[in-house]
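> Fold the following for me, if possible:
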Amino acid sequence: MKMIFKNKHGMVRSGWIIALCMAAFYALGYAFSALLIDALRMILDAASLDVASYDALVDWMSASVLPVALQFLTEGIMLAVPLAAWRIMRYRWEDLGLRDFRARFKKDGVVGMALGFAACSAIFLLLLATGNVVVEGVNSPFSLSLFAWVLVFVAVGIAEEVMNRGFIMSVLRRTNSRFLVIVVPSLIFGLIHLTNPNVTLLSVVNIVLLGIALSLMYYKSGNVWMCIGFHIAWNLFQSVVYGMPVSGLDVPAFLVSAYPVGNLLNGGGFGIEGGVLTTVAAVSVMAFTLFYYHTSEYRFFGDHANAPQSPAAVGQDEEAPAIR
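Next up, the predicted model:
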């Protein structure tokens, strides 16, 4: 029974750590979302508005304020849980993929953003050229709602990559299995989108493939900056800039775009992540990543990545454990 929960080093197995953190994320997300909704309801009730004004304010908050607030809350919890777990385990922050920010973000992060922009823009232009998406108008780029959603997708890119790549992949490093390290977080990445509106089998497959591409970025580089840059740009351009659904969600956008007919090219109500063009894009991003890092000397399972942290760095009297 002991071996079910602990490995040969006497440490809790990677799978249990990941399961506990995912459970904590969903439990905290549910609890704090309920508290937020109750708080907003109390504020509205305390305002003593007439029925018409009350209904109008409820509609506005439900359409504009609540989705943004809940998304920020979700991403905040998704970021806090793995960081707290990493701190409790007393591993080094750089082993979470958060290393060499100044040096690596300028290179890997910017390349990731350019790659996300290029992939999303290529799909949008192909859809536009074939009539599978139509631009019906243009909104002001200085809208407060647009700015709010830009911040949301920045938060999404950071939180989801720290959780799915930085944390899950780094915990799985102890298995010394390249397959598990790359595939497991990608599958989890796909599964957490199962509850999104208009989800399809192809959309989940595409998100898993994109997850593999993102996992390769971390596996080959040892940092999550390219992953974060790609994720932010990919979400931001397909939604806030080009006006297409992102993972089934419709948000305020600069371009007012519409799909004449939902199909396997444009992905229908789920957006381009539900179409075959994203399948091609995901495989292309994998190929680019392998080419970009073909001279990388970083070893994901190397000793330099698993070295124990010094006691002073964690404020403890004993040495922090290595990642095993």
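
> which stretches of the stretch 201-324 of the chain have low pLDDT?
Counting by pLDDT under 70, the stretch 201-324 of the chain has low-confidence residues at 303-324.

> so where do the helices sit in it?
For the stretch 201-324 of the chain, the helices defined by DSSP state H, counting those that start in this stretch occupy 201-221, 225-236, 276-292, 303-306, 311-314.

> do the stretch 1-150 of the chain as well
Going by DSSP H, counting those that start in this stretch, the stretch 1-150 of the chain shows helices at 2-5, 14-46, 51-60, 66-89, 101-104, 110-129, 144-161.

> Looking at the ones you listed, which is nearest to residue 271?
Proximity to residue 271 (Cβ to Cβ) singles out helix 110-129 among the helices of the stretch 1-150 of the chain, at 10.0 Å. C-betas here are computed from N, CA, C, even on glycine.

> CA atoms only: put the closest one into PDB for me.
Output of helix 110-129 as PDB, limited to C-alpha atoms (Å, rounded to 0.1, in the frame of the first residue of the first chain):
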ATOM      1  CA  VAL A 110       9.000  37.200 -28.000                       C
ATOM      2  CA  VAL A 111       9.500  34.300 -30.400                       C
ATOM      3  CA  GLY A 112       6.600  32.500 -28.800                       C
ATOM      4  CA  MET A 113       4.400  35.600 -29.200                       C
ATOM      5  CA  ALA A 114       5.400  36.000 -32.800                       C
ATOM      6  CA  LEU A 115       4.700  32.300 -33.400                       C
ATOM      7  CA  GLY A 116       1.300  32.600 -31.900                       C
ATOM      8  CA  PHE A 117       0.500  35.700 -33.900                       C
ATOM      9  CA  ALA A 118       1.700  34.100 -37.100                       C
ATOM     10  CA  ALA A 119      -0.200  30.800 -36.600                       C
ATOM     11  CA  CYS A 120      -3.500  32.600 -35.700                       C
ATOM     12  CA  SER A 121      -3.200  35.200 -38.400                       C
ATOM     13  CA  ALA A 122      -2.500  32.600 -41.100                       C
ATOM     14  CA  ILE A 123      -5.600  30.700 -40.100                       C
ATOM     15  CA  PHE A 124      -7.700  33.900 -40.000                       C
ATOM     16  CA  LEU A 125      -6.500  35.000 -43.500                       C
ATOM     17  CA  LEU A 126      -7.200  31.600 -45.000                       C
ATOM     18  CA  LEU A 127     -10.700  31.600 -43.600                       C
ATOM     19  CA  LEU A 128     -11.200  35.200 -44.800                       C
ATOM     20  CA  ALA A 129      -9.900  34.300 -48.300                       C
END
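
> ok, and for it, which residues are buried?
111-113, 115-120, 123-124, 126-127 (16 or more other Cβ atoms under 10 Å).

> now stretch 259-273
Quick answer for stretch 259-273 (16+ other Cβ under 10 Å): 259, 262, 265, 266, 267, 268, 269, 270, 271, 272, 273.

> try stretch 14-34
14, 17, 18, 21, 22, 24, 25, 28, 29, 33.

> Next: stretch 292-299.
So, applying 16+ other Cβ under 10 Å, buried residues of stretch 292-299: 292, 293.

> One more: stretch 164-178?
For stretch 164-178, burial by neighbour count (16+ other Cβ under 10 Å) applies to 164, 165, 166, 167, 168, 169, 170, 171, 172, 173, 174, 175.

> And those residues, which is closest to residue 197?
residue 164 (20.8 Å).

> The closest one: what's it in contact with?
Residue 164 makes contact with 185, 186, 188, 189, 211, 214, according to Cβ atoms under 8 Å, 6 or more residues apart in numbering.

> Mind checking which of the buried residues of stretch 259-273 land in strands?
Among these, no member is found in strands (DSSP state E).

> Closest one to residue 92 out of these, please.
The closest of those, once distances to residue 92 are taken by Cβ to Cβ, is residue 273, at 33.9 Å.
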